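# Give me a 3D structure for the following:
(chains A, B, C and D)
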Number of protein chains: 2
Amino acid sequence: MTTIDELDSRLIALLTAEPRLGVLECSRRLGVARGTVQARLDRLMERGVITGFGPDVSPAALGYHVTAFVSMEIRQVAGHDPVADRLARIPEVLEVHTITGDSDLLCRVVARTNADLQRVIDRIVDVQGVLRTNSIIALDTPVPYRVLPLVADVPRREGR
Amino acid sequence: MTTIDELDSRLIALLTAEPRLGVLECSRRLGVARGTVQARLDRLMERGVITGFGPDVSPAALGYHVTAFVSMEIRQVAGHDPVADRLARIPEVLEVHTITGDSDLLCRVVARTNADLQRVIDRIVDVQGVLRTNSIIALDTPVPYRVLPLVADVPRREGR
DNA sequence: CGAACACTAGGCAGATTGTCCACTCATTCA
DNA sequence: TGAATGAGTGGACAATCTGCCTAGTGTTCG
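Presented below is the predicted three-dimensional model:
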């Protein structure tokens, strides 16, 4: 299994805090040679630990102030799920999971307003194979998505 | 409300596809002057549309192969929620939302294995104020988190 | 009309990148 | 033990990019 050491962890934390940092500046801050940082970064990406440096876009800043989790029951089919494909065509659907429990799929959607959410849900319900949906609105997000604590935790768990 | 035009959209899409691109290269690909790209980027960040360029870390690559959504009922308190604060101290808790519906909080957690998930849930249950939890495991994620379709959609909706 | 704004096109010095190299140190293993 | 391997260091190189500035051109709008 892939693991990371303390230097990797510090590097990721540093880049998370100040993503625009160059390799050279990172090496200075971490107190290691530039080549080392470069090699570490390359390896982290090769191993898939870091999947990219994509710009983080805030849906809220674009006017999508409503976030909701929509779980749904679908007509089960064998093999690859065509329902997920169709859901993927709805821009407001940001994420889709197949899940355990009473429902089959759980997706995260955003909308401009509550009224707009209705429109989005209607689109979801319209998707062929969707039998029933259940929506939960996220009122607030006291802990926004983050991975840093996990990254900081890994080298500790792996032993020094 | 903040909005973006087609050039912003293309810029974000380009950077999402190839995040390591520099401003100069972006300007070439988009067919505009470097200063324009620079100004657009600055504005997008000022307005909070782009919140950062943090490295995207894959929990799975670190050995956290299990993702679950844990909803919970909590002892309601007025004002700022101390339960969320305590949940935030658990590294495996990646995200916390307050929600509508039967439950009060919904959080996304990861764990190394199903057995490990039990440990994480135990930690959650141990949090003062948490009365009851309900876990749903994400078996598969046919649509991983994405914002691109939304970004591509905005300029269209805003009119040309 | 004039002001404000966004964009283009260019120039400049300084910093950074990608890519080499040679050397050291620790670990692994025949 | 001794050789091989992998990781890190420190330094060097040309090519490139960055931040910053100037000047000119359209557009929009009060």
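
# got the contact list for stretch A:124-138?
A:66-75, A:77, A:82-83, A:86-87, A:90, A:93, A:103, A:107, A:109, A:114, A:117, A:121, B:97-101, B:103, B:106 (CB atoms under 8 Å, 6 or more residues apart in numbering or on different chains). C-beta coordinates here come from the backbone N, C-alpha and C atoms, glycine included.

# Out of these, which end up buried?
A:66-72, A:74, A:83, A:86-87, A:90, A:93, A:103, A:107, A:109, A:117, A:121, B:97-99, B:103, B:106 (16 or more other CB atoms under 10 Å in any protein chain shown).

# I'd guess A:Val154 is in a helix, am I close?
Yes: assigned with DSSP: H, G, I helix; E, B strand; the rest coil, A:Val154 falls within a helix.

# so it makes contact with A:Arg10?
No: applying CB atoms under 8 Å, one finds A:Val154 not in contact with A:Arg10, separated by 11.7 Å.

# In terms of neighbours, single out the busier of these two.
A side-by-side neighbour count of A:Val154 and A:Arg10, using other CB atoms under 10 Å in any protein chain shown, places A:Val154 first with 24 against 20.

# Could you pull up the contacting residues of the nearest residue to A:Asp116 once chain neighbours are set aside?
Closest residue to A:Asp116 apart from its sequence neighbours, by CB to CB, 6 or more residues apart in numbering or on different chains: A:Val66 at 7.0 Å. If you count contacts by CB under 8 Å, 6+ apart, A:Val66 has them with A:Val110, A:Ala111, A:Arg112, A:Thr113, A:Asn114, A:Asp116, A:Leu117, A:Ile137.

# which of those residues lies closest to DNA strand D?
Distance to DNA strand D, by CB to the nearest atom of the strand, is smallest for A:Arg112 among the contacts of A:Val66, at 23.3 Å.

# That closest one: what's it in contact with?
Applying CB under 8 Å, 6+ apart, the residues near A:Arg112 are A:Gly63, A:Tyr64, A:His65, A:Val66.

# Identify the residues contacting the second one.
Applying CB under 8 Å, 6+ apart to A:Tyr64 gives the contacts A:Glu92, A:Val110, A:Ala111, A:Arg112, B:Leu150.

# cutoff 7 Å now
The contact partners of A:Tyr64, by CB atoms under 7 Å, 6 or more residues apart in numbering or on different chains, come to A:Val110, A:Ala111, A:Arg112, B:Leu150.

# which one of the residues you listed sits closest to B:Ile50?
Checking those against B:Ile50 with CB to CB, the nearest one is B:Leu150 at 13.2 Å.

# what secondary structure does that closest one sit in?
Under three-state DSSP, B:Leu150 comes out as helix.

# still on that earlier bit, show me the buried ones among the contacts of stretch A:124-138 that map onto helices.
If you go by DSSP state H, those have A:Val83, A:Arg86, A:Leu87, A:Leu117, A:Ile121 in helices.

# filter those by proximity to DNA strand C?
When contact is defined as CB under 7 Å from any atom of the strand, those do not meet DNA strand C at all.

# can you list the residues you listed in JSON lines and add distance to B:Arg47 and pLDDT?
Shown next, in JSON lines, are these (distance: CB to CB, whole Å; pLDDT from 0 to 100):
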{"residue": "A:Val83", "distance to B:Arg47": "35", "pLDDT": "96"}
{"residue": "A:Arg86", "distance to B:Arg47": "32", "pLDDT": "96"}
{"residue": "A:Leu87", "distance to B:Arg47": "29", "pLDDT": "98"}
{"residue": "A:Leu117", "distance to B:Arg47": "23", "pLDDT": "98"}
{"residue": "A:Ile121", "distance to B:Arg47": "28", "pLDDT": "98"}
